[in-house]
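Asker: No sequence on hand, only this structure:
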Ligand SMILES: Cc1cc2nc3c(=O)[nH]c(=O)nc-3n(C[C@H](O)[C@H](O)[C@H](O)COP(=O)(O)OP(=O)(O)OC[C@H]3O[C@@H](n4cnc5c(N)ncnc54)[C@H](O)[C@@H]3O)c2cc1C
């Protein structure tokens, strides 16, 4: 087939996307580059700042209130950008984002430092969430096939029965589209919109508590100071009663984040900046991040609660709840932010939608089924593992708080990870890579446990756990941690 015949045969559709956050923009970019005409409706009405730093300082993104929280951008998202929009990845790096490749962070005790096939995929992206949003916004709005309608909220769906044909906007007007994609984020009222269509089948929703409050504070390095690359101790840890992590940013910024168990009111003292500054200085792995004179804070301590794992299914008992409608991003499936999966899940959904449209075109029923199948196979396994990990952790925290016997299974799993899998990953190049691939969503979540080499090494390390010196203490016990916060003085 000639090139011009391919172009003529291509079935270009008018696609309306609700929400210009991570999922809406990734979908807009991919679908416009596939050749579709895309219109993005984004309620936030804000001019595009001139620089990434201005975006962080001033961009009013009230529609995405978590945009100034720490974000880790996993290798899966980087691979999607590299494969689908390499120019956008290049621009992100030009704007100050960095990549942490596997060879740069191979633990020092691994002797075999030879590169492996596939290492090209193994790199995390380090930047602030608003930097990637800003770069994506510039790329999406410059895309010839995209119309950006900022300051226009969507109020509901325009439909014939349950066949969606467009959108009702908050200004009272309506617009038609061949396909509506909803990426309105975790508070999207899309279920109400679907209910208003009056269909006989309604979406099914499953949700559970993430069990943490997420607290972040951002810093900028002072002139002449540098943050070292990951040290032997890593850049985070779990003290049992609280988890913490350091995040590399862009343009000489970084952030520190705590995951405080929901309901632990004492630990919420971390919201006080002086208490926070005293607390982070007790954490051994973060010593290089908290050295005197290294950096100054550029935000207050920001906290975010009511975090959930949640999945919604839009094909129920074999029947789509609506046709001409696809729901993506957090509006469809969200996981505990501690695992850093959300932006990668948004990228996967954009890719899956691109593939489903290429295969099914205007067959709206087939499209609904294809998207349902890809949610189940490509996205839900990541949700399922998040739910299980959170349930185990919530049980352990509960036992710790009331002094009861911890759930045996949850305790055994934690012990195996801490004294088997993790030590093995610090000494074996292949186990480290397998761990990195799993953590970064490059493999299915169960691939690690199915990998014979990994399991053999992990069981061997676990069997020898008593022969190793005790793991270094990462920080104080809870009482001391609270006392340090209580005694904090302004810095
Ligand atoms: C505290 C926290 C930390 C996180 N950390 C990470 C991390 O480390 N790594 C990671 O990958 N993910 C992380 N995530 C998850 C990630 O931020 C989300 O998965 C991602 O933002 C989802 O993109 P989205 O497009 O679905 O929603 P959002 O990015 O929230 O965007 C939704 C957009 O829709 C717009 N909108 C909503 N309703 C309407 C309407 N009716 N009309 C028009 N526009 C509308 C909003 O204004 C907004 O711009 C974190 C989340 C939280 C809460």
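Answerer: Everything's here; your move. These figures come from a predicted structure and were not determined experimentally. Numbering: from 1, shown residues only.

Asker: Flag the shaky bits of this protein, pLDDT-wise.
Answerer: Along the chain, the parts satisfying pLDDT under 70 run over 1-9, 230-233.

Asker: For it, which residues are neighbours of the ligand?
Answerer: 18-24, 41-44, 63-64, 66, 69-73, 153-154, 183-185, 188, 214, 304, 329-331, 337, 340-344, 346 (CB under 6 Å from any ligand atom). The C-beta positions use only the backbone N, C-alpha and C, and glycine is treated the same way.

Asker: Any of the residues you listed buried? List them.
Answerer: For the residues of the chain next to the ligand, a burial check counting by 16 or more other CB atoms under 10 Å picks out 18-24, 41-44, 63-64, 66, 69-73, 153-154, 183-185, 188, 214, 329-331, 337, 340-344, 346.

Asker: Show me where the stretch 101-250 of the chain has its helices.
Answerer: Here the stretch 101-250 of the chain has its helices, by DSSP state H, counting those that start in this stretch, at 129-142, 190-196.

Asker: Let me have these in TSV, adding mean neighbour count as columns.
Answerer: What follows is the helices of the stretch 101-250 of the chain, written out as TSV (neighbours: other CB atoms under 10 Å):
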stretch	mean neighbour count
helix 129-142	22
helix 190-196	18
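
Asker: Next, format those as TSV and append distance to residue 202.
Answerer: What follows is the helices of the stretch 101-250 of the chain, written out as TSV (distance: least, CB to CB, whole Å):
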stretch	distance to residue 202
helix 129-142	32
helix 190-196	6
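
Asker: Which other helices and strands does the longest helix along the chain contact?
Answerer: The longest helix of the chain (DSSP state H) is helix 380-402. Here helix 380-402 touches strand 204-209, strand 253-261, strand 308-313, helix 408-416, going by 3 or more CB pairs under 8 Å, 6 or more residues apart in numbering; DSSP states H and E.

Asker: Please repeat the previous calculation with a cut-off of 6 Å.
Answerer: With contacts taken as 3 or more CB pairs under 6 Å, 6 or more residues apart in numbering; DSSP states H and E, helix 380-402 sits against strand 308-313, helix 408-416.

Asker: Mind checking what helix or strand follows the last one in sequence?
Answerer: Read it as helix 408-416. Per DSSP states H and E, the first helix or strand lying C-terminal to helix 408-416 is helix 422-427.

Asker: Check which helices and strands that following helix sits against.
Answerer: helix 429-439, helix 452-463.

Asker: ok so, going back, what inclination does the longest helix of the chain have with respect to strand 204-209?
Answerer: With axes from the mean of the first three to the mean of the last three CA atoms, to 10 degrees applied, the angle from helix 380-402 to strand 204-209 works out at 40 degrees.

Asker: Tell me the buried residues in helix 380-402?
Answerer: 380, 382-383, 385-387, 389-397.

Asker: now the closest residue to the ligand within the stretch 151-300 of the chain, nearest residue through space, not along the chain?
Answerer: Evaluated by CB to the nearest ligand atom, the stretch 151-300 of the chain has residue 185 as its residue closest to the ligand, separated by 3.0 Å. Nearest residue to residue 185 in three dimensions, chain neighbours excluded: residue 330, at 5.0 Å (CB to CB, 6 or more residues apart in numbering).

Asker: helix, strand or coil for the one you found?
Answerer: What DSSP: H, G, I helix; E, B strand; the rest coil gives for residue 330 is helix.

Asker: Determine which stretch of the helices and strands packed on helix 380-402 is the most buried.
Answerer: Ranked by mean neighbour count under mean count of other CB atoms under 10 Å, those are led by strand 308-313, which reaches a mean of 20.

Asker: Not counting the next helix or strand along the chain from that one itself, show me its contacts.
Answerer: Sequence order places strand 315-316 as the next helix or strand after strand 308-313, per DSSP H and E. Applying CB atoms under 6 Å, 6 or more residues apart in numbering, the external contacts of strand 315-316 come out as 201, 204, 368, 372.

Asker: Tell me the strands beside strand 315-316, with direction?
Answerer: Using DSSP bridges, strand 315-316 pairs in its sheet with strand 319-320 (antiparallel).

Asker: chain center to the strand it pairs with, what's the gap?
Answerer: Averaging C-alpha positions (CA atoms, centre = their mean, to the nearest Å) puts strand 319-320 28 Å from its chain's average.

Asker: With stretch 267-282 instead?
Answerer: The chain centroid and the centroid of stretch 267-282 are separated by 25 Å, computed with CA atoms, centre = their mean.

Asker: how far does it stretch from start to finish?
Answerer: End-to-end distance of stretch 267-282: 14 Å, with CA to CA, to the nearest Å as the criterion.

Asker: Residue 423 contacts residue 462, doesn't it?
Answerer: No. Applying CB atoms under 6 Å, one finds residue 423 not in contact with residue 462, separated by 8.1 Å.

Asker: Grab the nearest non-local neighbour of residue 207.
Answerer: residue 310 (3.9 Å).

Asker: which residues does that neighbour bridge with?
Answerer: Under DSSP bridges, the beta-bridge partners of residue 310 are residue 207, residue 334.

Asker: Looking at the buried ones among the residues of the chain next to the ligand, which are in helices?
Answerer: Short answer: these in helices (DSSP H) are 22-24, 342-344, 346.

Asker: Do me a favour and get the end-to-end distance for stretch 413-425?
Answerer: 16 Å.

Asker: brain fart, stretch 396-415
Answerer: With CA to CA applied, stretch 396-415 spans 12 Å between its terminal residues.

Asker: likewise stretch 159-179?
Answerer: Counting by CA to CA, you get 11 Å between the two ends of stretch 159-179.

Asker: following the helix or strand hosting residue 276, which helix or strand shows up next?
Answerer: For residue 276, the host element (DSSP H and E) is helix 273-280. Following helix 273-280 in sequence order, the next helix or strand is strand 295-297 (DSSP H and E).

Asker: For the following helix or strand past that following strand, what is the distance to the chain centroid?
Answerer: Next along the chain after strand 295-297, taking DSSP H and E as the criterion, comes strand 302-304. Between the centre of strand 302-304 and the centre of its chain there are 16 Å (CA atoms, centre = their mean).

Asker: all strands for the stretch 101-250 of the chain, in order.
Answerer: 123-126, 146-150, 154-160, 163-169, 174-176, 179-182, 204-209, 212-221, 236-238, 243-248 (DSSP state E, counting those that start in this stretch).

Asker: what's the fourth one in contact with?
Answerer: Pointing back at strand 163-169 there. Here strand 163-169 makes contact (CB under 6 Å, 6+ apart) with 16, 152, 154-159, 174-177, 180, 322-325.
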